[in-house]
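>>> Sequence plus the predicted model coming up.
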Amino acid sequence: MTPHSMFWTQTPEALCGLLHCKTDGLTTMDATNRQIQYGPNSDAIAKATGLPRAIMRRMLEPLSLILFVAGFVSMATGDITGGFIIVAILVLSIGLDTIQEGHAVKAAEALRRSVALKAEVKRDGVFVEVSVEHVVPGDMIRVRAGDIIPADGLVMESNAFTANEAALTGEPYPVEKRPGAVATPNVGEASNALFRGAVAQTGEAIALVVGTGGQTIFGAAASALIEEQALSPFQRDLHEYGLVVARLTLALVVVIVAARTLLGQPILNTLLFSVALAVGLTPELLPMITTVTLSRGAIRMAGRKVIVKRLASIHDLGAMSVLCTDKTGTLTSAEITLASSLDPTGADNGRAAKLGAIAANLGGDRGALDAALLKGSLGASDGWSLSGRHAFDFTRRLGSVLADGPEGPTLIIKGAPEAVLALCSRQRAGGFASAMGDKERTMALEKVRALAEDGLRSIAVASRPWQGAVRNVETSDEADLVFEGFCAFADPPKPTAAAAITRLAAAGIRLKILSGDDPVVVRRLAGLVGLSARSVLSGADIASMSDEALAIQVQSVDAFGRLAPDQKSRIVRALQAKGAVVGFLGDGINDAPALKVADIGLSVDGATGVAQAAADMILLASDLEVVADGVEEGRRTFANILKYIRMGASSNFGNMLSMAMASLVLPFLPMLPMQILLNNLLYDFSEVGVPFDGVRGEATAKPQVWDMRGLIRFAAIMGPLSSLFDFLTFGILIWAFRAAPDEFRTTWFLESMMTQILVIFIIRTNGRPWRDLPRPMLAASSLIALLVAIALPFTPIGTWFGFVIPSFAVLASVGGLVLIYLLLAELLKPWAIKTTRKLVSGRDGQAVWPSPKAA
Ligand SMILES: Nc1ncnc2c1ncn2[C@@H]1O[C@H](COP(=O)(O)OP(=O)(O)OP(=O)(O)O)[C@@H](O)[C@H]1O
Ligand SMILES: [Mg+2]
């Protein structure tokens with residue numbers, strides 16, 4: 001049943017027998033059945049979803065459980081109305097919570113799935129794209145350079161195919177994979193096997209899937225690469241904040257229960273009161289609120305062509321202060337074209353392009369340059385076949401093929417000019433090969449420079465007739481070459497790039513180009529799109545720098561060229577070291593390491609699988625405009641979450657706190673448990689509109705960073721203010737009006753509702769509330785909650801809750817107090833919202849915001 005142990009030692013026929021399939025792919029029907037039999041190709045533990053489960057989960061939370069029990073106990077002991085109301089309110093809150101969450105989260109999840117990695121499988125005789133999850137044993141898959149291999153499989157056909165299994169086996173170099181029997185049980189030598197989670201480096205292969213999901217050789221290790229979702233510092237802080245409040249609450253409850261029991265108050269009553277208070281105090285809604293707001297943010301961002309894979313990265317995007325980007329495809333158009341083919345002297349000659357196209361075709365790379373070469377010389381490789389290869393890699397910046405054709409066995413090398421020229425000892429011009437010395441090399445490099453200054457990027461092509469037996473190419477073979485000439489490519493900047501960069505700069509985000517291309521090309525482009533082109537650092541420059549020196553250099557340099565993949569990630573780290581929140585936008589295999597290290601990895605739809613897998617967000621259009629839109633949305637979302645948190649940390653919390661204190665000095669309960677629960681429910685309802693609220697331009701104008709100290713400052717100013725007015729109400733009711741318990745509770749309920757709900761309109765904006773009105777949804781949710789709260793005591797239903805109609809004098813004075821409270825809150829606001837966390841310009845030397853993924 002498990003054909004996958006050492007499957008590479010078996011023949012395709014034997015495996016097909018075990019898997020009950022043929023070697024020409026499955027039918028859709030068969031695949032569907034197998035999906036049921038084998039399960040999805042992922043080993044994420046299926047999360048309990050579904051409505052009943054979501055409700056159960058909430059009901060089983062300790063506080064709800066206690067309240068349910070208490071409610072039923074009340075009913076049983078005679079207080080039918082009281083007990084019933086408590087249970088009813090609980091059911092309503094849980095319903096509110098569940099509906100809100102279910103809806104938004106599902107939609108966000110669906111979006112995430114829409115950019116899930118795709119795999120090419122043969123179904124009903126043709127190759128089609130399905131999501132990786134739907135690959136099943138028995139499928140024929142096709143993988144190409146840049147893909148993450150979706151399942152374990154036996155290679156049936158291959159063309160220049162190499163796979164990088166570093167993450168699985170630790171073997172740092174790509175290994176060639178081709179069909180053919182292997183006898184060894186050793187995984188590392190299974191040259192006919194593909195393993196889930198490895199990266200296809202070059203070429204193309206077709207394989208028979210023998211293992212999916214957890215049933216793969218590297219199992220969980222592989223899926224960690226494919227499906228990782230780490231917590232961001234923002235989420236961790238939120239969690240911690242929740243814990244602090246929970247502990248405070250617990251302490252408070254213990255004190256109240258002890259004190260009131262000592263005072264001889266009825267136990268059940270006290271217990272219910274303190275649990276209700278705990279419900280009011282705990283930010284039990286916080287996780288739901290952040291998830292819902294983030295999910296709503298994700299949905300809105302999708303409308304602006306940004307698909308969010310990791311929800312918490314929305315905040316990180318809003319906090320981003322530096323965006324590093326690859327050059328081709330984002331700053332320049334993705335479609336590179338072959339502009340000219342030149343011989344070593346600079347004269348037009350098609351030979352370089354022809355050899356380049358042969359190498360591109362046989363070499364199996366899938367880069368933009370190869371595509372341009374193939375398009376530029378159609379049919380050039382007719383009559384040529386592959387005998388050996390040394391695959392292109394971004395560190396050597398060249399690759400070679402051993403091709404057999406009309407000229408006999410020939411080694412063809414193409415790559416970055418300085419890399420290729422260093423290997424040449426002769427050059428061919430006008431049909432003749434002549435010696436190539438330093439003088440010729442310098443002239444050739446000057447030609448490259450001249451081309452670059454005209455905006456053309458070039459690669460060099462060299463060759464040499466192959467002597468001796470045909471075998472695979474090694475580094476030592478790449479010497480003593482004949483320089484054949486250059487291929488020059490046009491790669492002009494996108495017309496929209498400069499404007500987008502200006503817009504990002506206005507939003508407080510600095511752009512840096514991190515390219516593998518020639519520094520001269522990079523410099524010219526930087527100038528064209530409005531970046532500082534004064535100094536350009538190259539990979540060679542930074543290789544000799546210490547981390548400290550690099551961290552200083554990256555502050556002022558905006559353009560980098562000739563970077564190896566690990567140098568891109570090194571620069572990202574250097575920026576992070578000085579406190580910047582760094583985004584990286586890239587699409588190639590060579591961008592994957594930097595995408596992983598960056599705080600926010602951005603890739604584009606259609607990018608290589610590795611890049612997409614490493615990214616947190618996928619742009620549906622490769623355009624900086626889209627990033628700028630996304631940043632705006634991200635900041636908006638974050639601002640809305642902040643509203644919630646601020647509200648919870650001040651008014652709501654303050655109210656419950658003063659109530660707890662009052663319960664210790666009053667001979668009666670300051671509010672009945674069901675009144676507290678009602679208070680909490682109405683307050684929660686009033687906030688339902690927050691995720692839909694608008695945000696003022698100024699709140700999204702600069703990178704926004706989660707600022708725990710700032711929040712504490714806010715709470716420390718607004719909390720006591722709210723408590724002060726609670727105590728004033730308290731004092732007036734007791735001493736001025738000598739209010740009876742029922743009137744006292746009703747009035748305090750009204751005061752508490754009015755302050756909590758109305759202060760939303762003040763806290764939600766940094767500006768004047770009357771100049772920055774809330775969106776209809778928030779206005780509606782809070783005003784409805786407020787109206788219900790105010791109207792209740794005056795209706796017959798109010799009596800169920802133990803409300804009475806307060807006297808006019810009482811109402812008038814409390815109304816007056818609420819107005820003064822709101823006025824003071826508005827006056828103190830500017831002082832309370834001052835950020836304590838200096839916004840990062842990359843210079844404050846304070847890494848208070850560690851990169852989420854760098855750890
Ligand atoms: N297929 C190829 N054949 C030959 N040389 C190549 C090929 N791909 C890349 N190179 C060489 O390697 C260099 C780095 O590659 P590339 O420019 O794609 O890196 P990058 O960092 O992705 O750059 P960009 O910022 O332009 O996207 C190129 O400038 C070129 O000289
Ligand atoms: Mg690139």
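Received it, and whenever you're ready, just let me know what you need. Ligands and ions are numbered 1, 2, ... in the order given.

>>> Other residues contacting the helix or strand where residue 279 lies?
Here residue 279 is covered by helix 267-281, with elements defined by DSSP states H and E. With contacts defined as Cβ atoms under 8 Å, 6 or more residues apart in numbering, helix 267-281 is touched by 63, 66-67, 70, 73-74, 77, 86, 245, 248-250, 252-253, 256-257, 260-261, 652-653, 655-657, 659-660, 663, 669, 671-674, 676-677, 679-680. No exception for glycine: its C-beta is placed from N, CA and C like everyone else's.

>>> Mark which of the residues you listed are buried, thanks.
Neighbour-count burial (16 or more other Cβ atoms under 10 Å) applied to the contacts of helix 267-281 gives 63, 66-67, 70, 74, 86, 245, 249, 252-253, 256-257, 260, 652-653, 655-657, 659-660, 663, 669, 671-674, 676-677, 679-680.

>>> got the buried residues for the helix holding residue 279?
269-281.

>>> of all of the stretch 451-600 of the chain, which residue lies closest to ligand 2?
Using Cβ to the ion, residue 588 is the residue of the stretch 451-600 of the chain that sits closest to ligand 2, at 4.0 Å.

>>> residue contacts, residue 507?
628, 631, 632, 700, 701, 702, 703.

>>> now the first one: how far from residue 700?
Counting by Cβ to Cβ, to the nearest Å, the separation of residue 628 from residue 700 is 11 Å.

>>> what's the answer for the second one, then?
In this structure, residue 631 and residue 700 are 8 Å apart, going by Cβ to Cβ.

>>> now check stretch 517-529, is it near ligand 2?
No. For stretch 517-529, no contact with ligand 2 is found by Cβ under 5 Å from the ion; the gap never falls below 8.1 Å.

>>> Buried residues of that stretch, list them for me.
Buried residues in stretch 517-529, counted by 16+ other Cβ under 10 Å: 517, 518, 519, 520, 521, 522, 523, 524, 525, 526, 528, 529.

>>> Using PDB, write out every CA atom in it.
This file holds the C-alpha atoms of stretch 517-529, laid out as PDB (Å, rounded to 0.1, in the frame of the first residue of the first chain):
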ATOM      1  CA  ASP A 517      22.400  43.000 -13.200                       C
ATOM      2  CA  ASP A 518      25.400  45.200 -14.200                       C
ATOM      3  CA  PRO A 519      25.800  48.200 -11.900                       C
ATOM      4  CA  VAL A 520      26.000  50.500 -14.900                       C
ATOM      5  CA  VAL A 521      22.600  49.300 -16.100                       C
ATOM      6  CA  VAL A 522      21.300  49.700 -12.600                       C
ATOM      7  CA  ARG A 523      22.700  53.200 -12.200                       C
ATOM      8  CA  ARG A 524      21.100  54.300 -15.400                       C
ATOM      9  CA  LEU A 525      17.800  52.900 -14.400                       C
ATOM     10  CA  ALA A 526      18.000  54.400 -11.000                       C
ATOM     11  CA  GLY A 527      18.500  57.800 -12.600                       C
ATOM     12  CA  LEU A 528      15.600  57.300 -15.000                       C
ATOM     13  CA  VAL A 529      13.100  56.400 -12.300                       C
END
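
>>> Pull the residues that contact it.
So stretch 517-529 is contacted by 327-328, 331-332, 416-417, 448-449, 452-453, 455, 457-458, 491, 493, 497-498, 501, 513, 515, 532-533, 536-538, 558-562 (Cβ under 8 Å, 6+ apart).

>>> ditto for stretch 368-385
Outside stretch 368-385, the residues within contact range by Cβ under 8 Å, 6+ apart are 328-329, 334-338, 341, 350, 353-354, 356-363, 403-406, 459, 487, 489.

>>> Drop anything exposed from those.
The buried subset of the contacts of stretch 368-385 - by 16+ other Cβ under 10 Å - is 328-329, 334, 336, 338, 341, 350, 353-354, 356-363, 403-405, 459, 487, 489.

>>> what's the span of stretch 113-130, first residue to last?
From the first residue to the last, stretch 113-130 extends over 12 Å; the measure is Cα to Cα, to the nearest Å.

>>> Can you get me a residue count around the closest residue to residue 55 other than its chain neighbours?
The shortest distance from residue 55 to any non-neighbouring residue, by Cβ to Cβ, 6 or more residues apart in numbering, is to residue 98 (5.6 Å). Residue 98 has 18 neighbours, counted by other Cβ atoms under 10 Å.

>>> Run through the residues that contact residue 98.
Per Cβ under 8 Å, 6+ apart, neighbours of residue 98: 51, 54, 55, 58.

>>> Next: residue 781.
Residue 781 neighbours (Cβ under 8 Å, 6+ apart): 685, 686, 687, 688, 689.

>>> Not counting sequence-adjacent ones, nearest residue to it?
In space, and not counting its chain neighbours, residue 781 is closest to residue 689: 3.7 Å by Cβ to Cβ, 6+ apart.

>>> ok, back up a step: for the contacts of residue 507, which one is nearest residue 467?
residue 628 (56.7 Å; Cβ to Cβ).

>>> Does the closest one lie in a helix or a strand, and which?
Assigned by DSSP H and E, residue 628 falls within helix 624-647.

>>> ok, and for that helix, which residues are buried?
In terms of neighbour count (16+ other Cβ under 10 Å), helix 624-647 has its buried residues at 624-647.

>>> for this structure, where's the lowest mean pLDDT among helices and strands?
Among the helices and strands of the chain, helix 219-227 carries the lowest confidence by mean pLDDT, DSSP states H and E, at a mean of 51.

>>> Run through the neighbouring helices and strands of the very next helix or strand once past it.
Counting by DSSP H and E, the next helix or strand C-terminal to helix 219-227 is helix 233-262. When contacts are defined as 3 or more Cβ pairs under 8 Å, 6 or more residues apart in numbering; DSSP states H and E, helix 233-262 sits against helix 267-281, helix 286-303, helix 653-665, helix 708-731.

>>> Could you pull up the mean pLDDT of the helix or strand following the third one?
Looking back up the chat, that one is helix 653-665. Next in sequence after helix 653-665, counting helices and strands by DSSP H and E, comes helix 673-686. Taken as a whole, helix 673-686 carries a mean pLDDT of 85.

>>> so how far is helix 673-686 off the chain centroid?
Centre-to-centre, helix 673-686 and its host chain are 35 Å apart (Cα atoms, centre = their mean, to the nearest Å).

>>> cool, stretch 670-680 as well?
40 Å.

>>> Equivalent analysis for stretch 255-269, please.
With Cα atoms, centre = their mean, you get 49 Å for stretch 255-269.

>>> now do the same end-to-end measure for that stretch.
Taking Cα to Cα, stretch 255-269 runs 15 Å from one end to the other.

>>> repeat for stretch 733-750
Start-to-end, stretch 733-750 (Cα to Cα) is 13 Å.

>>> Flag every buried residue along it.
733, 737, 739, 741-750.

>>> Go through the residues you listed and name the one nearest residue 34.
residue 749 (60.6 Å).
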